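1. give the three-dimensional model of this entry:
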Amino acid sequence: MTQFAHMPKPLANLPAKSAELFPARILAVALRCCKKTAATKARHHKWPSIRVANRDEFAPPEELLSKCRRIATFTQRRPTRRITVLFDGLTPAARVRALCRAAVIAAFDELRSGSRPMSCAIATRRTQKTFASIFPFGSRSLDRWRRDYREHGLDGLSEQKRGRVGRRKQQSAS
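-> Numbering: from 1, shown residues only. You can find the predicted model right below:
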């Protein structure tokens, strides 16, 4: 099997100290440039790389390694979503929406782990087709619902309003 010039070569003979791999977004912060430029620089300088899912990860040189580690530990701490609206306090219509989301998640999980497991993309498309007429949703919404359901249960599936909601303030006539 031949490798093309634009494809990253598999990780080979990495020294033990620099075996840590970082995506281009972390290298971009360390190099103070955009993601694309960071990836281009890494390929140009022939840093060892590996393809992970749909992105390349690179092993930076020693002088950049500590900076990348620091950035990676800072960026990986994503705070969990704060739940302010609980399932018990929902209106009947909002409860139905939350329970529909739970049904979507159950159908998706069944396709993923059933007797004939499917890939994530195919399971998402099938689930979207199944619920399209009564409850349309996007694939990113499904990912968010699954994460929130895993972390918070039914409370995570209720709509969490961000900021002020409701009527706008009336401007006084002067």
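2. which SSE is the residue most central in space within the chain in?
-> In the chain, the centroid-proximal residue (C-alpha atoms, centre = their mean) is residue 143; its distance is 7.7 Å. Assigned by DSSP states H and E, residue 143 falls within helix 139-152.
3. which parts of this protein are helices?
-> 24-31, 35-44, 62-76, 92-113, 120-131, 139-152, 154-157 (DSSP state H).
4. buried stuff in the first one?
-> Of the residues in helix 24-31, 24, 26-31 count as buried by neighbour count, 16 or more other C-beta atoms under 10 Å. C-beta here means a position set from N, CA and C on the backbone, and glycine is covered the same way.
5. also the fourth one?
-> For helix 92-113, burial by neighbour count (16+ other C-beta under 10 Å) applies to 95, 98, 101-102, 104-105, 108, 111.
6. so which of the residues you listed is the closest to residue 89?
-> Sorting the buried residues of helix 92-113 by how near they are to residue 89, with C-beta to C-beta, puts residue 95 at the top with 9.9 Å.
7. quick one: residues contacting the closest one.
-> residue 87 (C-beta atoms under 8 Å, 6 or more residues apart in numbering).
8. so how far is residue 60 from it?
-> To residue 60, residue 95 is 50 Å away according to C-beta to C-beta, to the nearest Å.
9. just to revisit the earlier point, any chance of CSV for the helices of the chain, columns mean pLDDT and distance to residue 50?
-> Putting the helices of the chain into CSV (pLDDT from 0 to 100; distance: least, C-beta to C-beta, whole Å) gives the following:
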stretch, mean pLDDT, distance to residue 50
helix 24-31, 91, 13
helix 35-44, 93, 12
helix 62-76, 84, 15
helix 92-113, 91, 26
helix 120-131, 91, 21
helix 139-152, 90, 24
helix 154-157, 88, 34
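10. and the ones you listed: which comes nearest residue 82?
-> Per C-beta to C-beta, nearest to residue 82 of the helices of the chain: helix 139-152, 9.7 Å.
11. tell me which residues are up against the helix holding residue 143.
-> With C-beta under 8 Å, 6+ apart, helix 139-152 has contacts from 80-81, 83, 101-102, 104-105, 108, 124, 127-128, 137, 156-157.
12. that's all I had, so thanks and see you.
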